[in-house]
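Novice: give me coordinates for this.
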Amino acid sequence: MFLRFLLVGGAGFLIDAGLTWMLIVLGLRPWWARVPAILAAMAFTWLANRHFTYAIKSARTANEATRYFLTAIVMALMNYGIYVFLVNNGVMAVLAVALATGCQAVLSFYVYRDLVFKEFK
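Specialist: Now for the predicted structure:
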């Protein structure tokens, strides 16, 4: 299950980093470019984790979506804080995305498993 989580997270990372880079190239500041990138990655990873990582067969519920997005926002804020710190200290934006994402990946797996999708285990 953790390997599937890493695969989904890797795809989410590619969405996040790729969109961040594209928006920076289009002229957005690095810290503003990251916001829509995080939201896009969040939507993708919710659906992919639900179907692929945790193999949930039941219909999506508003309660599940709320738990997922609230948890994802907390994880994203942690990720974003690390990202801003790194960028402000001279780390390249895409590398900062990678480092920030790595810092919170393991914690995210357990929080999603034990909080968001626990009723389906």
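Novice: run through this protein and note the low-pLDDT ranges.
Specialist: Across the chain, the ranges flagged by pLDDT under 70 are 119-121.
Novice: what is the subsequent helix or strand relative to the longest helix belonging to the chain?
Specialist: Ordering each helix of the chain by length in residues (DSSP state H) puts helix 62-88 first. Going down the chain from helix 62-88, the next helix or strand is helix 93-111, by DSSP states H and E.
Novice: buried stuff in that following helix?
Specialist: Across helix 93-111, burial judged by 16 or more other CB atoms under 10 Å covers 93, 96, 97, 98, 100, 101, 104, 105, 108, 109, 111. Where C-beta positions appear, they are placed from N, C-alpha and C, glycine not excepted.
Novice: how close does the most centrally placed residue in the chain get to residue 80?
Specialist: Centroid check for the chain by CA atoms, centre = their mean gives residue 42 as the closest residue, at 5.0 Å. Separation of residue 42 from residue 80 (CB to CB, to the nearest Å) stands at 12 Å.
Novice: please enumerate the shared neighbours of those two.
Specialist: Contact criterion CB atoms under 8 Å, 6 or more residues apart in numbering; no residue bridges residue 42 and residue 80 by contacting each.
Novice: rewinding a little: ok, so of the buried residues of helix 93-111, who is nearest residue 26?
Specialist: Nearest to residue 26, judged by CB to CB, of the buried residues of helix 93-111 is residue 93 at 13.2 Å.
Novice: any idea how far residue 55 is from the closest one?
Specialist: Taking CB to CB, one finds residue 93 at 34 Å from residue 55.
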